[in-house]
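Peer 1: Sequence first, then the predicted structure:
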Amino acid sequence: MKKIVFMGTPSFAVPILKSIFQEGFNIPLVYTQPPSKGNRGYKMNKSPVHKFCVENNLSVRTPKNFKKFDEEKKILEKLEADIAIVVAYGQILPKNILNVCKKGFINIHASLLPKLRGAAPIQRSIINLNTETGISIMQINEKLDQGKVCSQYKININKNDNAEDLSLRLSNLASEKIVKDIEDILENKKRFLEQDHSKATYANKINKDEGKIDWKDKAENIIGKINGLYPIPGAWFYFEGERYKILKANISNNNSNPGTVLNDSIEISCGINSIKILEIQREGKKVQNIKDFILGTKIKKGVNLINA
């Protein structure tokens, strides 16, 4: 039976690991990020992939990094694995480890490469107002997301998709496709082709300060930010020294001075058009729908949020 090493960490990776596991492949070892401290520092939280492994009796390793390169290489060499599948692992793999498995290390990247190389392709595709995205099955080399690609699968980005919605759809798509791709790679039925590096774009890691809303921007760009940064770090604004995160909103075509609250339903004018807030969260409070929020807020018609 063919041996597969899996490397992954977040929820996005779990359906893919589950698909490989349920197909009956031999998975002798899974790598994932180390447990992290909980909010109060008492409890160590295992990653979603780690939890899946515990529930299904899969062996796990959680190195902080690959600085102890020789140790990890010896472990992998001993396994004599046929292939390694990497999905949002969150670690940089040293070049000298990439030849340990017979068919190399294969990455599932959540974009249509060479577009959106990097750490945040799902969020950036929404922030950029792209209309389609997908997954790429690629060989890992020493350069970031620049390896040869054997398969790509496209999906449309729906108008109201947020990063959480799109992540789930892409993860499910990958889980449906990966088993056949693995089988074809192992049987030498797949051709790996060079990317067109001249067309590369990048999806840089999300900085939480990017969430600050510029009310002078177009409404559609603000909606892209709200959806693309959902749920963390979120798109936000300040009012009277407190931060408010907008979790859901729609575009409307009313207009006034940017940042002006146009009515008591908290419709806010932007550089072009306006947005109607549907869900909002005051700093330190629970998420509220707009009907509940307006009952107790000082944000009223006529307030300008740029000057607040």
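Peer 2: Received the coordinates, thanks.
Peer 1: Run through the helices of the stretch 1-150 of the chain in chain order.
Peer 2: Secondary structure of the stretch 1-150 of the chain (DSSP state H, counting those that start in this stretch): helices at 14-22, 48-55, 69-79, 121-127.
Peer 1: Deepest in the core, which of those helices is it.
Peer 2: helix 121-127 (a mean of 25; mean count of other C-beta atoms under 10 Å). Quick note: C-beta positions are derived from backbone N, CA and C, even for glycine.
Peer 1: ok, now which ones touch L17?
Peer 2: Going by C-beta atoms under 8 Å, 6 or more residues apart in numbering, L17 touches F6, G8, I27, V30, V49, F52, V87.
Peer 1: among those, who's most crowded?
Peer 2: The most crowded member of those, judged by other C-beta atoms under 10 Å, is V49 (30 neighbours).
Peer 1: can you count the residues close to the nearest residue to that residue once chain neighbours are set aside?
Peer 2: Computed as C-beta to C-beta, 6 or more residues apart in numbering, the closest residue to V49 that is not its neighbour in sequence is T32, at 4.4 Å. T32 is flanked by 27 other residues according to other C-beta under 10 Å.
Peer 1: show me the contacts for L113.
Peer 2: The contact partners of L113, by C-beta under 8 Å, 6+ apart, come to S136, M138, D145, V149, Q152, Q195.
Peer 1: Just list the residues touching T32, thanks.
Peer 2: So T32 contacts M7, G8, T9, S47, V49, H50, C53, V60, R61, T62, Y89 (C-beta under 8 Å, 6+ apart).
Peer 1: Now do the SS call for L247.
Peer 2: Under the three-state scheme (DSSP: H, G, I helix; E, B strand; the rest coil), L247 adopts strand.
Peer 1: Quick check: chain neighbours aside, which residue is closest to it?
Peer 2: Among residues not flanking L247 along the chain, E279 sits closest, at 4.2 Å (C-beta to C-beta, 6+ apart).
Peer 1: okay if I get the contacts of L113 as TSV plus neighbour count and distance to N250?
Peer 2: Putting those into TSV (neighbours: other C-beta atoms under 10 Å; distance: C-beta to C-beta, whole Å) gives the following:
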residue	neighbour count	distance to N250
S136	25	32
M138	24	37
D145	23	34
V149	22	36
Q152	15	32
Q195	18	37
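Peer 1: Let's have the residues you listed in JSON lines, adding distance to H109 and pLDDT.
Peer 2: As requested, the contacts of L113 are exported to JSON lines (distance: C-beta to C-beta, whole Å; pLDDT from 0 to 100):
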{"residue": "S136", "distance to H109": "5", "pLDDT": "98"}
{"residue": "M138", "distance to H109": "6", "pLDDT": "98"}
{"residue": "D145", "distance to H109": "6", "pLDDT": "96"}
{"residue": "V149", "distance to H109": "9", "pLDDT": "98"}
{"residue": "Q152", "distance to H109": "10", "pLDDT": "98"}
{"residue": "Q195", "distance to H109": "11", "pLDDT": "98"}
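Peer 1: Apart from its neighbours in sequence, what residue is nearest L144?
Peer 2: R117 (5.9 Å).
Peer 1: and the one you found, what are its bridge partners?
Peer 2: Beta-bridge partners for R117, by DSSP bridges, are Y202.
Peer 1: All set, thanks.
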